[in-house]
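# show me the folded form of this:
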Amino acid sequence: MTLHYKEYGNQRMPLIMFIHGGGVSGWMWDKQVQCFSDYHCVVPNLVNDESSQRGLDFSINNHANVLLDLIAEKANGKTVIIVGFSLGAQIALQMISLKPQLLDYAFINSALVRPQPFMKRLIKPIVKLSFPLIKNKLFAKTQANALYIGHEYFDLYYQETSKMKMDTLIKVLEENMSFSIPENFSQASCKILVTVGEKEKRMMIKSAVDIVNSNPNCKGVILPNIGHGVSLAMPDFFNEIVENWVNNVQLPEGKVIK
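Residues are numbered from 1 along each chain as shown. Okay, here's the model as predicted:
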């Protein structure tokens with residue numbers, strides 16, 4: 001599997017890999033890349049134009065392994081931080097469980113870890129019925145608003161989602177709905193911060209609690225007054241959280257998950 005990625009910043013400094021969520025791509029981390037220009041930033045695109053247009057299968061486990069190989073190639077003994085949002089946070093959890101020795105810090109934002117078998121069965125018929133809407137700009141704007149995607153990135157978001165093949169979308173959603181806390185996650189020794197928005201669905205908040213309770217190295221916080229997509233909605237706040245966490249300064253403001 002060929003994975004497209006971009007590198008930014010100072011390659012002599014600690015490595016931060018930003019792993020995007022479903023429905024978006026590496027551009028969602030633009031504000032983070034700008035903020036962390038003193039770090040070696042690696043930003044993969046999980047579903048690139050080629051794979052989307054060809055309808056290639058998507059797998060959380062396969063992508064986790066590919067990203068770990070990329071880290072092994074780029075890190076060269078440096079401190080490694082991974083930051084994942086939503087689908088990217090699920091991949092980050094899988095990475096932690098597969099090769100925790102490669103990672104020093106992991107920031108898990110809005111990861112669903114409670115499988116939804118009933119919803120998974122509905123994905124294929126729902127997507128087949130609603131798929132024509134993917135090219136409808138009004139529908140796209142509604143979806144973009146839910147993810148806090150502003151005017152600055154809407155055209156790019158719309159272009160990318162319009163190109164996605166139905167089979168790819170179905171596979172991504174099925175993987176997302178099937179994911180649970182991976183085996184061996186409880187044994188990982190890297191430092192893990194788990195966050196979720198106060199306005200997210202209850203299942204997402206319960207998932208954050210499950211993750212925190214599954215590994216003694218986890219800290220968790222419910223972020224106030226935000227839904228799904230804090231890094232896009234409040235990039236300065238998000239960047240401060242990452243920086244403070246990596247520098248062992250403090251947890252972000254919010255309700256601590258116990």
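# from here on, just use CA atoms for contacts and neighbour counts.
OK.
# next one: residue 34 relative to residue 240, how far apart?
In this view, residue 34 and residue 240 are 13 Å apart by C-alpha to C-alpha, to the nearest Å.
# got it, and residue 159?
In this view, residue 159 and residue 240 are 31 Å apart by C-alpha to C-alpha.
# of these two, which one has the most company?
residue 240 (14 against 11; other C-alpha atoms under 10 Å).
# secondary structure element holding that one?
Counting by DSSP states H and E, the secondary-structure element that holds residue 240 is helix 235-246.
# list of residues touching that helix?
Residues from elsewhere that reach helix 235-246 (C-alpha atoms under 8 Å, 6 or more residues apart in numbering): 31-32, 35, 81, 105, 107, 193, 230-231, 250-252.
# backbone phi and psi for the closest residue in space to residue 37 that isn't next to it in sequence, please?
For residue 37, the nearest residue in space outside its immediate sequence neighbours is residue 9; the separation is 4.5 Å by C-alpha to C-alpha, 6 or more residues apart in numbering. Listed backbone geometry of residue 9 is phi 80, psi -150, with angles given as degrees, to the nearest 10.
# mind listing what residue 9 touches?
When contacts are counted by C-alpha under 8 Å, 6+ apart, residue 9 touches 33, 36-41.
# please repeat the previous calculation with a cut-off of 6 Å.
If a contact means C-alpha atoms under 6 Å, 6 or more residues apart in numbering, then residue 9 has 37-41 as its contacts.
# so how do I select the buried members of the residues you listed in ChimeraX?
Buried residues within the contacts of residue 9, by 16 or more other C-alpha atoms under 10 Å, are selected in ChimeraX with:
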select :38,39,40,41
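# beyond the one helix or strand in the chain whose mean pLDDT sits lowest, next helix or strand please.
Every helix and strand of the chain was ranked by mean pLDDT, DSSP states H and E. The lowest is helix 49-54, at a mean of 44. Note on helix 49-54: by DSSP H and E, the next helix or strand toward the C-terminus is helix 60-75.
# and that next one, C-alpha only, in PDB?
This file holds the C-alpha atoms of helix 60-75, laid out as PDB (Å, rounded to 0.1, in the frame of the first residue of the first chain):
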ATOM      1  CA  ILE A  60      -7.400   0.500  10.400                       C
ATOM      2  CA  ASN A  61      -4.900  -2.200  11.100                       C
ATOM      3  CA  ASN A  62      -3.100  -2.000   7.800                       C
ATOM      4  CA  HIS A  63      -2.800   1.800   8.000                       C
ATOM      5  CA  ALA A  64      -1.500   1.500  11.600                       C
ATOM      6  CA  ASN A  65       1.300  -0.800  10.400                       C
ATOM      7  CA  VAL A  66       2.200   1.400   7.500                       C
ATOM      8  CA  LEU A  67       2.400   4.500   9.700                       C
ATOM      9  CA  LEU A  68       4.500   2.600  12.200                       C
ATOM     10  CA  ASP A  69       6.900   1.700   9.400                       C
ATOM     11  CA  LEU A  70       7.000   5.300   8.400                       C
ATOM     12  CA  ILE A  71       7.800   6.400  11.900                       C
ATOM     13  CA  ALA A  72      10.600   3.800  12.200                       C
ATOM     14  CA  GLU A  73      12.100   5.200   9.000                       C
ATOM     15  CA  LYS A  74      11.900   8.800  10.000                       C
ATOM     16  CA  ALA A  75      12.400   8.900  13.800                       C
END
